[in-house]
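Enquirer: next one to model:
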Amino acid sequence: MVAVTADVAVRLLSPRASNDHETMGVVLYGLRRSLASEAIDEQLYDDLEAVLGEYGHPAPHLVTAIAARFREATTTFVEIVPYLVRPYPVDEMRRLIYVSAEHPHPDDAPGHLRRLALAVLSILDLMGEAAS
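Expert: Predicted coordinates:
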């Protein structure tokens with residue numbers, strides 16, 4: 001065990017932080033990427049696989065739940081994409097917002113869900129490109 005005097009502890013615990021624009025930009029970008037990674041969880045990818053995968057044909061009782069999760073992801077994308085993707089993907093975001101706002105008749109729900117999944121996937125692709 002090591003004893004630390006009060007004056008040493010104060011110096012160790014209160015280092016000066018940089019507040020220049022470049023450093024703040026890097027920190028803000030990292031926080032936004034962290035928010036995106038929290039919003040884009042494994043469930044979103046599982047839902048995309050259930051809809052668009054090789055054996056993608058979700059049961060009728062799952063269509064509504066998956067669509068709801070895609071709509072929730074859309075809300076998150078509206079909040080974070082402007083900060084993460086440059087230039088802003090106007091056409092892709094417009095398509096995502098319009099498709100997510102639709103509430104089709106149950107007979108049309110599987111086709112709508114595929115269109116919604118494709119719109120979500122296009123935004124995920126753009127975010128992945130922006131990160132690299």
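
Enquirer: quick one, what contacts Glu49?
Expert: Gly56 (C-beta atoms under 8 Å, 6 or more residues apart in numbering). The way it works is simple: take the backbone N, C-alpha and C, and place the C-beta from them, glycine included.

Enquirer: tell me which element it is part of?
Expert: Element membership for Glu49 (DSSP states H and E) is helix 42-52.

Enquirer: so what touches the helix or strand following that helix?
Expert: Downstream of helix 42-52, the first helix or strand assigned by DSSP H and E is helix 60-84. With C-beta under 8 Å, 6+ apart as the test, helix 60-84 has contacts from 28-29, 32-33, 35-36, 39-40, 43-44, 47, 50-51, 58, 88-89, 93, 96-97, 100, 106, 109-110, 112-113, 116-117, 120, 123, 126-127, 130-131.

Enquirer: show me what counts as buried in helix 60-84.
Expert: Neighbour counts over helix 60-84 (16 or more other C-beta atoms under 10 Å) mark 63, 66-67, 70-71, 73-74, 76-77, 80-81, 83-84 as buried.

Enquirer: likewise for stretch 44-58?
Expert: Applying 16+ other C-beta under 10 Å to stretch 44-58 flags 44, 47-48, 50-51, 58 as buried.

Enquirer: so what's Glu72 scoring on pLDDT?
Expert: Looking at Glu72, its pLDDT reads 93.

Enquirer: I'd like to know how far it sits from Thr5.
Expert: Using C-beta to C-beta, to the nearest Å, Glu72 is found at 52 Å from Thr5.

Enquirer: burial count for Asn19?
Expert: Residues lying near Asn19 (other C-beta atoms under 10 Å) number 8.

Enquirer: who touches Val85 in this structure?
Expert: 126-127, 129-130.
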